[in-house]
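> Got a predicted model here, sequence first, then my questions.
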Amino acid sequence: MEKLEFIFCFLLLTSSVYAYDNHAPTMEDLNRAVAVNPNSADAYYDRGILWEKQGNLPKAISDFTQTIKINPQDEGAYLGRANAYARQNNFTQAIADYNKVIELGPQDAGVYYNRGLAYAGQGNDLQAVSDFTQAIKINPEYAESYHNRGLCWDRQGNWAQAIADLNRSIELTPTNAVAYYNRGIVYDKKGKFIDAINDFSKAIQLNPDYAQAYTDRGQVYVQQDDLAQARFDFTKAIEIDPKAAQAYNNRAIVYYQLKEYKKALEDLYKAAGLGYAVDPGLMSMVKKALDTGGL
């Protein structure tokens, strides 16, 4: 079924005031700085930023840790390490570091937002809601916090609050395709199929390559017995993403209903080959219909 899409937007780090001949520090600069002065917290910190930008999270964590050893009050290093841990899905360590950032520095909406993401990653939706709410108190126009708080409400089954928060997120960022997509999911769960279709359509308008939005809109069309439109959407999703296993599976269901059994079987095999958990009962029905000519 549909998958909610959280907005991950970790706080960006800035370089220290460490001087590098009036240019942005390179890895070579920082390696040399660390070699010359192994006790330079700034050099380790800046190198940690570069490692994180390059996607080398273990080395980023190592350098931020060294920064903290030299300067235990460096909230930027805790923040950088927390972000790196979060990107590794090590949410427990990330939360511990975000706690330290909050302890050391003034209230910052972004830090609460980041910690909320980590709590959400743990499945601790109530604590995530608390942090997103705190971020909104500090910055009432924090669209991403409304968005992600809405998703946590959805996972708690509180669809009214979910829609209210997604509405506010869309008001603040009306070109955010993901927000429309997620609100479409909630509307679908509530049985408000026309609203769901409208939101998936808006998401597609804003992002014409949004394969999952086509897939989910197709599912709603199936529920509306509009098989032609459903087939179009599943096919479009596959054109955009040839590995869209769910779209193959769902198109197979449509082909089965349209009595195009050979195409249905081909799509089921394709979905299974892509790792989708195809219903064995459906596979059996399609094969039987193909063997008997639908009799």
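Received the coordinates, thanks. In this text, all values refer to a predicted model and were calculated from it rather than measured experimentally.

> domain ranges for this structure?
1-105, 110-204, 208-295 (automatic domain parsing).

> Of those, flag the one that's most buried.
Highest mean neighbour count of the domains of the chain: domain 110-204, a mean of 21 (counted as mean count of other Cβ atoms under 10 Å). From N, CA and C alone the C-beta is placed, and that goes for glycine too.

> Quick one: end-to-end length of that domain, please.
Criterion Cα to Cα, to the nearest Å; first-to-last residue distance in domain 110-204 is 29 Å.

> Show me what the host helix or strand of Ile185 is packed up against.
For Ile185, the host element (DSSP states H and E) is helix 177-189. Here helix 177-189 touches helix 143-155, helix 159-172, helix 193-206, helix 211-223, going by 3 or more Cβ pairs under 8 Å, 6 or more residues apart in numbering; DSSP states H and E.

> one step back: mind telling me which of the domains of the chain the model trusts least?
Ranked on mean pLDDT, the bottom entry among the domains of the chain is domain 1-105, at a mean of 84.

> gap between Thr67 and Asn31?
In this view, Thr67 and Asn31 are 15 Å apart by Cβ to Cβ, to the nearest Å.

> can you check Ala164 too?
Applying Cβ to Cβ, the value for Ala164 to Asn31 is 51 Å.

> Can you list phi and psi of Lys236 for me?
Backbone geometry at Lys236, expressed as degrees, to the nearest 10, gives phi -60, psi -40.

> wait, isn't it in contact with Tyr214?
Yes - at 4.7 Å, Lys236 counts as touching Tyr214 under the criterion of Cβ atoms under 8 Å.

> host element of the residue nearest to Val278 when sequence neighbours are not counted?
Of all residues not flanking Val278 in the chain, Ala272 sits nearest, at 4.7 Å (Cβ to Cβ, 6 or more residues apart in numbering). Secondary structure assigned from DSSP H and E places Ala272 in helix 261-273.

> what's downstream of that helix, the next helix or strand?
Trace forward from helix 261-273 with DSSP H and E and the next one is helix 280-292.

> That next one vs helix 261-273, what angle?
150 degrees (axes from the mean of the first three to the mean of the last three Cα atoms, to 10 degrees).

> Remind me what helix 280-292 packs against, helices and strands.
Counting by 3+ Cβ pairs under 8 Å, 6+ apart, helix 280-292 packs on helix 245-257, helix 261-273.

> at 6 Å instead, please
helix 261-273 (3 or more Cβ pairs under 6 Å, 6 or more residues apart in numbering; DSSP states H and E).

> can you dump the C-alpha coordinates of the helix it packs on into CSV?
C-alpha atoms of helix 261-273 as CSV (Å, rounded to 0.1, in the frame of the first residue of the first chain):
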residue,chain,number,x,y,z
TYR,A,261,-4.6,-13.0,-18.4
LYS,A,262,-1.3,-13.3,-20.3
LYS,A,263,-0.4,-9.7,-19.6
ALA,A,264,-1.5,-10.2,-16.0
LEU,A,265,0.8,-13.2,-15.6
GLU,A,266,3.7,-11.4,-17.3
ASP,A,267,3.3,-8.5,-14.8
LEU,A,268,3.1,-10.8,-11.8
TYR,A,269,6.4,-12.5,-12.9
LYS,A,270,8.0,-9.1,-13.3
ALA,A,271,6.8,-7.9,-9.9
ALA,A,272,8.1,-11.1,-8.3
GLY,A,273,11.4,-10.8,-10.1
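
> what's in contact with it?
Ala245, Tyr248, Asn249, Arg251, Ala252, Tyr255, Tyr256, Val278, Met283, Val286, Ala289, Leu290 (Cβ atoms under 6 Å, 6 or more residues apart in numbering).

> which ones are touching the fourth one?
Applying Cβ under 6 Å, 6+ apart, we find Arg251 in contact with Phe234, Asp267.

> how about a cut-off of 8 Å?
Gly218, Ala230, Arg231, Phe234, Thr235, Ile238, Asp267 (Cβ atoms under 8 Å, 6 or more residues apart in numbering).

> Could you verify my assumption that the third one touches Val254?
In this case it means Arg231. Yes - using Cβ under 8 Å, Arg231 is in contact with Val254, at 4.8 Å.

> residues shared between the contacts of the two?
Common contact partners of Arg231 and Val254 (Cβ under 8 Å, 6+ apart): Gly218.

> OK, contacts around Gln257?
Gln257 sits next to Leu227 when contact means Cβ under 8 Å, 6+ apart.

> now it: how far from Ala237?
On the measure of Cβ to Cβ, Gln257 and Ala237 end up 18 Å apart.

> Thanks a lot, catch you later.
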